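1. What follows is a predicted structure for the sequence shown.
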Amino acid sequence: MITACGVYCEKECHAFGDECQGCNSLKGKVSWAKFIGKETCPIYQCVNDNGFDTCKECKKLPCDIWLKETKNPSMTDKEFKNDISRRMDNLRKYYEI
């Protein structure tokens, strides 16, 4: 399962199967959202608000929501850049963008 932002749940999410059944199943109400003061992942919310299935449909990819709002503060800049690249690659691979 690929999330709206390109995370491959089964392989890439440490919470999948334990505290998370995937963003789509949870309708974006992921456990980490509380750490940024939200109830719902801002990326999921944006995708939903715009009537998209994933970010692949948006011409702004990757947008400020990706680059600023949902940046994991525990990641180095290099790790974050690699994470963004990996998710975009997933979206390209699975959704041919």
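-> Nice, thanks for sending it over.

2. now the residue nearest to residue 6 when sequence neighbours are not counted, what's its secondary structure?
-> Excluding the flanking residues, the one nearest residue 6 by Cβ to Cβ, 6 or more residues apart in numbering is residue 87, at 3.2 Å. (Each C-beta comes from the backbone N, C-alpha and C, glycine too.) The three-state label given to residue 87 by DSSP: H, G, I helix; E, B strand; the rest coil is helix.

3. Could you report the neighbour count for residue 87?
-> Using other Cβ atoms under 10 Å, residue 87 is surrounded by 22 other residues.

4. Return the distance of residue 44 relative to residue 77.
-> Per Cβ to Cβ, to the nearest Å, residue 44 is found 24 Å from residue 77.

5. what does residue 93 give?
-> 24 Å.

6. Next one, pLDDT for residue 84 please.
-> Looking at residue 84, its pLDDT is 95.

7. tell me which element it falls in.
-> helix 77-95 (DSSP states H and E).

8. Quick check: buried residues in that helix?
-> 80, 83, 84, 87, 88, 90, 91 (16 or more other Cβ atoms under 10 Å).

9. Figure out how far that helix is from the centre of its chain.
-> 10 Å (Cα atoms, centre = their mean, to the nearest Å).
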